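Asks: Got a predicted structure here, sequence first:
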Amino acid sequence: MRVTASSMLTCSAFAFCVVASLPAMADGRASSTTFTNGSLQGRYAYVNNTANVASLGPIIFHGNGRLDLKLVTNVPCRTPAPGCSRSVDSFDVSGTYSVRADGTGTATINFPRPTGPVTYDFVVVEAQRKGRHPLATEVFAAGRSGGLAGQLIAPTWTRLFDE
């Protein structure tokens, strides 16, 4: 194998770029990868389908730690009755959220009884560049308590569009 000056220069430049970028990636403090509450803002689709229960609806994150959700639930009827195999309800609810610099966070949504408030742990799965900080385009969440039928609540929140 013959090594030329050109190939040595190319390899050296590549190695320099890799080594120079390691500290910024390792400490996670680069401003381009720092998430804030503003990284989760706008209109998203709330989608959950777990254990024979579905819930869905538009969720709006206001960029300041406040959220609003118009939720539709589809669950089995609580007591079997003729003509009732599923029960569909809708709720307008609100809540709060907090995003940590690493893209993880918590959200509490104030569902009506019998569920009541549910706190979610979440992680930003995908984001795009929007100004100095990333803007979440897809988020995966898991509720700390059970839903209407006691099932795991594990929705995704997918950004719909800019208004």
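Replies: Perfect, thanks for sending it.
Asks: is it fair to say Ser94 lies in a helix?
Replies: No - under DSSP: H, G, I helix; E, B strand; the rest coil, Ser94 falls outside any helix and is assigned strand.
Asks: Test of understanding: give the bridge partners of it.
Replies: Note on Ser94: beta-bridge partners by DSSP bridges are Asp68.
Asks: wait, what's in contact with it?
Replies: 66-69, 109-110 (CB atoms under 8 Å, 6 or more residues apart in numbering). Just so you know, the C-beta spots here come from the backbone N, C-alpha and C atoms, and that holds for glycine as well.
Asks: Tell me how far it lies from Pro76.
Replies: Applying CB to CB, to the nearest Å, the value for Ser94 to Pro76 is 27 Å.
Asks: again, but for Val88
Replies: In terms of CB to CB, Val88 sits 11 Å off from Pro76.
Asks: Who has more neighbours out of the two?
Replies: Each of Val88 and Pro76 has its neighbours counted (other CB atoms under 10 Å); Pro76 has more, 15 against 9.
Asks: Contacts for the helix or strand containing that one, please.
Replies: Using DSSP states H and E, Pro76 sits in strand 66-81. Outside of strand 66-81, the residues within contact range by CB under 8 Å, 6+ apart are 46, 52-62, 84-97, 107, 109, 111, 148-149.
Asks: what about Phe61, how many residues close to it?
Replies: Around Phe61 there are 26 residues (other CB under 10 Å).
Asks: Surely it and Gly42 touch.
Replies: Yes - at 6.5 Å, Phe61 counts as touching Gly42 under the criterion of CB atoms under 8 Å.
Asks: about what we covered before: could you flag which of the contacts of Ser94 are buried?
Replies: Buried members of the contacts of Ser94, scored by 16 or more other CB atoms under 10 Å, are 67, 69, 109.
Asks: On the pLDDT front, check the second one for me.
Replies: The reference is to Leu69. With respect to pLDDT, Leu69 scores 97.
Asks: what's the closest non-adjacent residue to it?
Replies: Computed as CB to CB, 6 or more residues apart in numbering, the closest residue to Leu69 that is not its neighbour in sequence is Ile59, at 4.5 Å.
Asks: what is the mean pLDDT for the helix or strand the one you found falls within?
Replies: Assigning secondary structure by DSSP H and E places Ile59 in strand 53-62. Per-region confidence: strand 53-62 scores 94 on mean pLDDT.
Asks: Perfect, I'm done here.
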